[in-house]
Structures are given as structure tokens and as C-alpha cells.
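Peer 1: Based on what follows, work out the 3D shape:
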Amino acid sequence: MGYYVNLLNEIRKKMDLLYRRKIIKRRMTKSQTQTIIRDLMNDDDFRDNFSNQSFSQFDLFKYTVKKYTNIDDYIIDSIKEKHSR
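Peer 2: The predicted model follows:
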């Protein structure tokens with residue numbers, strides 16, 4: 001779970017930067033971040049590390065982030081690529 005919280009914080013920083021550059025119109029709020037974390041923690045499939053593949057866990061993370069923030073896939077994917085190096 002900690003890995004995805006770190007990813008979420010990186011996404012939030014990236015969105016702030018894009019907002020300041022006027023590329024996107026909205027920032028990610030603290031309440032959105034808290035709601036995303038709460039949703040992921042309440043999802044049994046997401047928390048089950050043994051029966052869940054990491055790519056499907058990431059897909060669920062991505063779906064949840066997009067559900068609450070409505071950001072493009074390329075932002076999430078670029079943060080994941082940067083974070084996994």
C-alpha cells in the first residue's frame with residue numbers, strides 16, 4: 001500500500017506542476033487523495049497481495065485515481081515509469 005501512496009503523492013505533485021503551467025485546469029485536492037486511499041484500503045482485491053498480480057493492482061489503482069480526479073492516463077503512466085526506475 002505504501003508504494004501506491006507514494007505514487008499518489010507523486011501524481012499530486014505532477015498535477016500541481018501542470019496546473020501552474022496551465023496545461024491542466026484542476027489540481028488534486030487533499031480530500032481526493034484521502035478518498036482514493038480509503039477506497040483502495042477498503043477494496044479486498046487490492047489489499048490481497050497473494051492472489052493479485054501487480055499489474056492488476058496497478059490497473060485498479062489507476063481506475064480509482066481516474067474516477068476521482070479525471071486525469072489522463074499518460075500522467076499516471078509517466079509517474080509509474082519514473083517511480084519504478
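Peer 1: in the chain, which spans are strands?
Peer 2: For the chain, applying DSSP state E gives no strands.
Peer 1: Which residues belonging to the helix or strand of it with the lowest mean pLDDT are considered buried?
Peer 2: Every helix and strand in the chain was compared by mean pLDDT, DSSP states H and E; the lowest is helix 44-47, with a mean of 78. Buried positions in helix 44-47, judged by neighbour count with 16 or more other CB atoms under 10 Å: Phe46. C-betas here are computed from N, CA, C, even on glycine.
Peer 1: on contacts alone, who are the packing partners of that helix?
Peer 2: In terms of contacts (3 or more CB pairs under 8 Å, 6 or more residues apart in numbering; DSSP states H and E), helix 44-47 is packed against helix 30-42, helix 54-69.
Peer 1: out of these, which comes closest to Val5?
Peer 2: Relative to Val5, the nearest member of the helices and strands packed on helix 44-47 by CB to CB is helix 30-42, separated by 6.4 Å.
Peer 1: Taking helix 54-69 as reference, get the angle to the closest one.
Peer 2: In terms of direction (axes from the mean of the first three to the mean of the last three CA atoms, to 10 degrees), helix 30-42 departs from helix 54-69 by 140 degrees.
Peer 1: Just the CA trace of helix 30-42, in CSV.
Peer 2: C-alpha atoms of helix 30-42 as CSV (Å, rounded to 0.1, in the frame of the first residue of the first chain):
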residue,chain,number,x,y,z
LYS,A,30,-6.3,16.6,-0.2
SER,A,31,-9.8,15.2,0.1
GLN,A,32,-9.5,13.5,-3.3
THR,A,33,-6.2,11.9,-2.1
GLN,A,34,-7.8,10.7,1.1
THR,A,35,-10.8,9.3,-0.7
ILE,A,36,-8.6,7.4,-3.2
ILE,A,37,-6.6,5.9,-0.3
ARG,A,38,-9.7,5.0,1.6
ASP,A,39,-11.2,3.3,-1.5
LEU,A,40,-8.1,1.3,-2.1
MET,A,41,-7.8,0.3,1.6
ASN,A,42,-11.4,-0.9,1.6
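Peer 1: what distance separates that helix from the centre of its chain?
Peer 2: Chain-centre distance of helix 30-42: 10 Å, with CA atoms, centre = their mean, to the nearest Å.
Peer 1: Right, I'll call it a day here.
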